[in-house]
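A.B. asks: Quick one, fold the following:
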Amino acid sequence: MSGRSSRAWKPAAAALASLLFLSAFFLGGLWLDVAQLEYHLFDIVDGVAGLLVVYVLLNTAVLSWPRDGWGVVVLIYAAVATAQLISMLLPPPGLVQWIVLGLLIYFAWSAVFSVHRTRIVLSLGLVALALAALKYSVLPFVWSVTQLPRTPILDLRALSESVRRLFAVYIPSEPLTQVFAFAAILAWVVGVWVQWPPEPEDDWMRRLSRGERDRLLFWLLSEGLGRGRRITADEVRGLLEEARETSDARNRGAESP
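C.D. replies: Purely as a prediction, here's the structure:
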């Protein structure tokens with residue numbers, strides 16, 4: 001069950017959230033190799049993936065749907081920062097990147113049906129940790145242990161390089177690049193926390209037990225829809241409270257001798 005939430009922004013809060021997302025966008029593109037400092041901007045694949053993630057975050061009430069001009073500005077900065085972070089965390093082009101993109105698409109599809117937004121944030125954190133370990137730890141280790149020596153008849157080093165490039169085009173970086181990446185992720189997380197929207201109006205329905213949901217559905221079909229009238233949230237809450245009290249009283253009567 002997904003939920004949506006919106007908020008009216010004050011200029012100071014909107015400026016702070018926009019500045020944090022802008023910082024994440026800027027720091028996420030910095031790349032220091034052995035020769036010079038470069039800036040890597042996200043490409044179309046990262047942009048589409050970023051839009052997909054932002055859409056999931058909007059529909060699970062992690063991000064706020066814009067209600068005014070300030071909300072639109074914050075959402076735009078959040079989208080470009082998310083795309084830049086995806087570009088920063090994705091493995092280099094190759095077979096590994098295709099597999100990771102497929103897993104991200106599956107995650108986005110499953111996240112739409114998540115029951116609570118905190119699980120989405122936790123899942124994103126675990127995904128980011130896994131991608132960071134893959135790009136900045138696993139790939140450098142694999143590249144260092146799979147380098148074969150040159151041979152006179154068959155150049156094993158060139159052969160191993162071709163096989164490795166099939167999986168990922170690895171580009172070495174300096175440790176300072178990882179510091180930039182961590183700062184970008186931190187700025188993005190703080191930006192999400194600053195704009196964390198209030199719980200959607202139907203969030204109380206997410207915390208219902210299965211039995212309470214069944215009673216709610218039965219009442220909607222028998223009382224509300226059958227009589228053709230509009231049902232209010234107060235009526236639903238009252239019905240659930242009455243059903244809970246009746247169930248508790250029945251259980252107490254069954255336990256008494």
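A.B. asks: Pop out the phi and psi values for Ala61.
C.D. replies: As for Ala61, its main-chain torsions (degrees, to the nearest 10) stand at phi 60, psi 30.
A.B. asks: quick one: contacts of the host helix or strand of Phe25?
C.D. replies: Counting by DSSP states H and E, the element that carries Phe25 is helix 11-28. Helix 11-28 is contacted from outside by 70-71, 73-74, 77-78, 80-81, 84-85, 87-88, 180-181, 183-185, 187-188, 190-191, 194-195, using C-beta atoms under 8 Å, 6 or more residues apart in numbering. Where C-beta positions appear, they are placed from N, C-alpha and C, glycine not excepted.
A.B. asks: Surely Val80 and Gly50 touch.
C.D. replies: Yes. Using C-beta atoms under 8 Å, Val80 is in contact with Gly50, at 7.5 Å.
A.B. asks: okay, and the common contacts of those two?
C.D. replies: Common neighbours of Val80 and Gly50 are listed as Phe42 (criterion: C-beta under 8 Å, 6+ apart).
A.B. asks: per-residue pLDDT, Leu19?
C.D. replies: The per-residue pLDDT reported for Leu19 equals 94.
A.B. asks: Run a quick neighbour tally on it.
C.D. replies: Around Leu19 there are 14 other residues, counting by other C-beta atoms under 10 Å.
A.B. asks: May I see the buried residues of the helix holding Phe25?
C.D. replies: Buried residues in helix 11-28, counted by 16 or more other C-beta atoms under 10 Å: 14, 16-18, 20-28.
A.B. asks: Which ones among the contacts of helix 11-28 map onto helices?
C.D. replies: Applying DSSP state H to the contacts of helix 11-28, the entries found in helices are 70-71, 73-74, 77-78, 80-81, 84-85, 87-88, 180-181, 183-185, 187-188, 190-191, 194.
A.B. asks: Please enumerate the helices of this protein.
C.D. replies: Using DSSP H, helices in the chain cover 11-28, 44-59, 69-89, 95-111, 117-133, 139-145, 156-167, 175-194, 203-206, 210-219, 225-227, 233-255.
A.B. asks: shaky segments in the protein?
C.D. replies: Scanning the chain for pLDDT under 70 picks out 1-7, 34, 110-115, 145-166, 168, 198-237, 239-240, 242-257.
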